[in-house]
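Chemist: next input, structure requested:
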Amino acid sequence: MSAAQPVHAAVMTAVEKTVVETRTIAPLEASEVLVEVRSVGVCGSDVHWYRDGRIGSTVVSAPLILGHEASGVIVKVGEGVPRNRIGSRVALEPGVPCGRCALCRAGRYNLCPDVQFFATPPVDGAFATHVVTHSDFAHDVPDSLDDDEAALIEPLAVAMWAVGKASVTVGDRVLVSGAGPIGLLVLQVARAAGADVSVSDVAGDRLVAAMQAGATDTIDVSADELPPGFTVLIECSGVGAAISTGLAALGPAGRAVLVGMSPDGQTSVPLDVIQSREITLTGTFRYAHQYPDAIALAASGRIDLRRLVTSVHPLSDVHNALMLPGRDPSALKPMVHPQQDENPPA
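Modeler: Residues are numbered from 1 along each chain as shown. Just a heads-up that it's a prediction; the model follows:
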């Protein structure tokens, strides 16, 4: 690749403001590939960045391209990448770690302090016609998965990591709190592991989606209390009250995994419940080594990724794609198709 590559990108220039710009991508490094982006899912973190301008202590302080759940086709490769990768359909693992630190060497590269993760300030994301990434983090996908399903391997990896952290197995009674996209994927993965899964939420549309996705039962926590005796809690909402009541619904020696994040990063937990019942409580941060298994699981047909897709938007409509989940609880996963725009900016 001898010349800069022009791309069109939806750039967040301020809270709730996006402009489509023409940018250039520099020539590829030896290990890099240029990917023509076909589909990008809107994640809850994208919505937080866009509507709040921050997540916890991290603030969007400069123009930023959002979007990290992406798929596409490799169109160019660096000198160190086999040319036969050109034309490969790929799911993009959005975090490229340094590979040198102690955490990376221990295999926990999701905790690498120098990871370059799409759409996390100051690293630009994938709401663009093309992106560059390390070849090792562009994972081949079979033709049995369409472009949207390939993009949604990313949240599936989050769900698989959470279920693995909880050591879910046959006979477990799992409570998934929060029936958003991650919660619905956690539900499906836990069911595939052999567990009975109950899902709680306050939105009726999302509880219906949970039943359709295979929940054993659903609980509207705005009207009903959680029953006791769950063996596992996987908390996907980030709501403090859901964490407290979910922990209280665990039986002795229960396991709890916190996946959802609150905007300010703060909450409280009932220590008396955790201590008196010897509950194991842990958090999750993204995932590591999940993409190959997630692709295989999705391709097996045991996980239905397509059911999450509720709307499709061109690059010029990224603003509405990002605002839609806050306006409509039934909007599970807006997808952005960057190649759809007929008249990108000159």
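Chemist: against P270, how distant is I243?
Modeler: Separation of I243 from P270 (CB to CB, to the nearest Å) stands at 9 Å. Placement of C-beta: from N, CA and C, glycine included.
Chemist: the two: which is more packed in?
Modeler: Between I243 and P270, I243 has the larger neighbour count (other CB atoms under 10 Å), namely 23 against 14.
Chemist: how many other residues sit next to S311?
Modeler: Using other CB under 10 Å as the criterion, the residues surrounding S311 number 17.
Chemist: which intervals of this structure have sub-threshold pLDDT?
Modeler: Where the chain drops to pLDDT under 70, the residues are 1-4, 263, 342-346.
Chemist: what are the boundaries of the helices in it?
Modeler: In the chain, the segments counted as helices under DSSP state H are 44-52, 102-105, 147-151, 153-165, 181-192, 204-212, 240-248, 271-276, 291-299, 318-327.
Chemist: S61: which of these is closest?
Modeler: Across the helices of the chain, S61 has its closest neighbour in helix 44-52 (11.4 Å, CB to CB).
Chemist: buried residues, that closest one. List them.
Modeler: For helix 44-52, a neighbour-count test (16 or more other CB atoms under 10 Å) marks 44, 46-50 as buried.
Chemist: same question, stretch 104-117
Modeler: 104, 109-110, 112, 115-117.
Chemist: using CSV, write out every CA atom in that stretch.
Modeler: Extracted as CSV, the C-alpha positions of stretch 104-117 are listed here (Å, rounded to 0.1, in the frame of the first residue of the first chain):
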residue,chain,number,x,y,z
CYS,A,104,-0.4,-9.9,27.9
ARG,A,105,2.3,-12.5,28.5
ALA,A,106,0.0,-14.1,31.1
GLY,A,107,-2.8,-14.3,28.5
ARG,A,108,-4.9,-11.7,30.1
TYR,A,109,-4.6,-9.2,27.2
ASN,A,110,-8.0,-7.7,27.9
LEU,A,111,-6.4,-6.0,30.9
CYS,A,112,-3.4,-4.7,29.0
PRO,A,113,-2.9,-1.0,30.1
ASP,A,114,-1.8,-0.1,26.6
VAL,A,115,-4.6,-1.8,24.6
GLN,A,116,-5.8,0.2,21.6
PHE,A,117,-9.5,-0.4,21.7
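Chemist: returning to what we had before: using CSV, please lay out the helices of the chain together with distance to A138.
Modeler: Compiled in CSV, the helices of the chain are given as follows (distance: least, CB to CB, whole Å):
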stretch, distance to A138
helix 44-52, 21
helix 102-105, 19
helix 147-151, 11
helix 153-165, 12
helix 181-192, 22
helix 204-212, 31
helix 240-248, 36
helix 271-276, 41
helix 291-299, 10
helix 318-327, 22
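Chemist: among these, which comes closest to S88?
Modeler: helix 147-151 (11.2 Å).
Chemist: that closest one packs against which elements?
Modeler: strand 32-41, strand 69-77, strand 89-92, strand 333-337 (3 or more CB pairs under 8 Å, 6 or more residues apart in numbering; DSSP states H and E).
Chemist: again, only this time at 6 Å
Modeler: In terms of contacts (3 or more CB pairs under 6 Å, 6 or more residues apart in numbering; DSSP states H and E), helix 147-151 is packed against strand 32-41, strand 69-77.
Chemist: pull the contacting residues for D217.
Modeler: S198 (CB atoms under 6 Å, 6 or more residues apart in numbering).
Chemist: okay, it and A210: tell me how far apart.
Modeler: On the measure of CB to CB, D217 and A210 end up 9 Å apart.
Chemist: what of Y109?
Modeler: 32 Å.
Chemist: just to revisit the earlier point, export the helices and strands packed on helix 147-151 to CSV and append columns for distance to R327 and mean neighbour count.
Modeler: Output for these, formatted as CSV (distance: least, CB to CB, whole Å; neighbours: other CB atoms under 10 Å):
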stretch, distance to R327, mean neighbour count
strand 32-41, 17, 25
strand 69-77, 20, 24
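Chemist: dump the ones you listed to a markdown table, plus distance to V90.
Modeler: Listed next are the helices and strands packed on helix 147-151 as a markdown table, based on distance: least, CB to CB, whole Å:
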| stretch | distance to V90 |
| --- | --- |
| strand 32-41 | 6 |
| strand 69-77 | 6 |
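Chemist: nearest to F137, of these?
Modeler: Proximity to F137 (CB to CB) singles out strand 32-41 among these, at 9.2 Å.
Chemist: how does the protein divide into domains?
Modeler: 5-152+305-337, 158-283 (automatic domain parsing).
Chemist: I'd like to know which of those domains is closest to H289.
Modeler: Comparison of the domains of the chain against H289 by CB to CB identifies domain 5-152+305-337 as nearest, at 7.0 Å.
Chemist: endpoints of the closest one, how far apart?
Modeler: This stretch, domain 5-152+305-337, spans 19 Å end to end (CA to CA, to the nearest Å).
Chemist: okay, now the spatially closest residue to E149 that is not a sequence neighbour: neighbour count?
Modeler: Distance criterion CB to CB, 6 or more residues apart in numbering; nearest residue to E149, sequence neighbours excluded, is L305 at 4.4 Å. Around L305 there are 25 other residues, counting by other CB under 10 Å.
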